[in-house]
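Student: prediction below, plus the sequence it came from.
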Amino acid sequence: MPSEGGRQTEAESLAALDQDLLSLHQYCSQSNLSPEEVREALRPLVSAVQWSGTIDTARSVTRCIVAVLLICAAVILLMGTTPFQEVATSVGQQAHTYARIAMVKVLPYWDWSTLCDLRCLIENPLYQNPNPPERSADNCHTCESMSELDRLSNVSVAAFTENYMRLDRPIIVTDATKSWPAFGEPAFDRHRLVEMFKDDKLADSHPCELLTNLMVRRNMKLLLDKMSNPVIKKWFAHWENCDKMVAKALRTMYRRPYFLPTTVDTTESNWVLVSSNYTGSVYKMLPVVNDLVWMAQVQGTSLVRLAARDPCTTVCPEIVDTLRPGEILVFTDFMWMMDYMPGHGTDNVAIGTAGFWE
């Protein structure tokens, strides 16, 4: 019976629902309906119950999230108070004490004391000691019979790492620049290079390691003016972009070579080598010092020369080769020094950078 006021209590509503379900079950049994027919007839009711359960679950999750956010907000407010800081300090000291006791208990089963001497927990397979051994005559065996550079395409990371980088063997890769913006339209020639660097934000930079016959020292604006002056002919210049903004602008023209292993990080700075109608016959030293160096020819050609470092200079022959558009020269600084000569009578543009591993 309904309670006073005409409204059913929760217990009365549940009892009435239970009676209705019992009556429905008796009706289905007396009607000789198959289980499939009963399931189909009750599908709307079952769906409604499942939907109601989903809503209840969502509401519960929402309440938990709100409660966690409120607790976090309260903790943040309390962190600025002196009592909370004192409690946090006390708890931290106790946790530290218990952690040290646990470490002592574990020591007979696992000697963790050697971890204190490790520079990192995950070993880099290309890592070298910060004070590597000096080159010896044994290192010269890898280059004493080298007379030319291998020119390869479709080089896998494993093949490059094991057959060239680990053995300090230089290589020219011919297909690593196909997707570079520098080879799109318009091409990244010396005119486009000058236009890029004449941007107000880039022209105020000061190039590092600048070498040129234009009689300019660390003045990018003056250098660009002379490079774009049609009266001045037969010039060359190369420099390092030490300014992060300038180096980032140049990086939009190239991509990381696909054959480099992920353990090699590229440097933030990069190099520009540019010339026009230059006919000099003296090689220009490029003072790039890092674990790995690569140079990509974008326009024209460059005559590159690799010489082994001491004590291999008298054992290993110099290697001279021509770098053509789209090709990348890669070598390790541990064994090799590189200088170059711009292609004669043409416009030439090359990009260089370096990599390292820790």
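Tutor: Everything's here; your move.
Student: I'd guessed residue 289 sits against residue 333; true?
Tutor: Yes: counting by C-beta atoms under 8 Å, residue 289 does reach residue 333; the two are 5.9 Å apart. All C-beta atoms are positioned from the backbone trio N, CA, C, and that covers glycine.
Student: of the two, which one has the most company?
Tutor: Using other C-beta atoms under 10 Å, the more surrounded residue of residue 289 and residue 333 is residue 333, with 17 against 8.
Student: now do the contacts for the more buried one.
Tutor: Contact analysis of residue 333 by C-beta atoms under 8 Å, 6 or more residues apart in numbering lists 288-293, 354.
Student: in strands only, show me those residues.
Tutor: 292-293, 354 (DSSP state E).
Student: if we can go back for a sec, can you turn the buried part of the contacts of residue 333 into a PyMOL selection?
Tutor: Only the buried entries of those go into this PyMOL selection, using 16 or more other C-beta atoms under 10 Å:
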select buried, resi 288+290+291+292+293+354
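Student: kindly reformat the contacts of residue 333 as CSV containing pLDDT and distance to residue 135.
Tutor: As requested, the contacts of residue 333 are exported to CSV (pLDDT from 0 to 100; distance: C-beta to C-beta, whole Å):
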residue, pLDDT, distance to residue 135
288, 84, 18
289, 80, 15
290, 85, 16
291, 88, 14
292, 93, 16
293, 94, 17
354, 91, 19
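Student: ok, back up a step: now for residue 289 and residue 333: what residues contact both?
Tutor: In contact with both residue 289 and residue 333: residue 354, using C-beta under 8 Å, 6+ apart.
Student: quick revisit: same list (the ones in strands among the contacts of residue 333) but as JSON lines, adding distance to residue 68.
Tutor: Shown next, in JSON lines, are these (distance: C-beta to C-beta, whole Å):
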{"residue": "292", "distance to residue 68": "48"}
{"residue": "293", "distance to residue 68": "52"}
{"residue": "354", "distance to residue 68": "48"}
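Student: geometric centre of this structure: which residue is closest?
Tutor: residue 265 (7.6 Å; C-alpha atoms, centre = their mean).
Student: what number of residues lie near the closest residue to it other than its chain neighbours?
Tutor: With sequence-adjacent residues excluded and distances taken as C-beta to C-beta, 6 or more residues apart in numbering, residue 265 is closest to residue 356, at 5.9 Å. When counting by other C-beta under 10 Å, one arrives at 15 neighbours for residue 356.
Student: ditto for residue 178
Tutor: Close neighbours of residue 178, defined as other C-beta under 10 Å, add up to 11.
Student: sec struct for the closest residue in space to it that isn't next to it in sequence, please.
Tutor: In this structure, residue 178 finds its nearest non-sequential neighbour in residue 326, 7.3 Å apart by C-beta to C-beta, 6+ apart. Look at residue 326: counting by DSSP: H, G, I helix; E, B strand; the rest coil, its state is coil.
Student: quick check: phi and psi at residue 326.
Tutor: With angles defined as degrees, to the nearest 10, residue 326 sits at phi 90, psi -10.
Student: my guess is it contacts residue 183, does it?
Tutor: Yes: applying C-beta under 8 Å as the test, residue 326 and residue 183 come out as touching, 6.8 Å apart.
Student: find residues that contact each of the two.
Tutor: Residues touching both residue 326 and residue 183 by C-beta under 8 Å, 6+ apart: residue 177.
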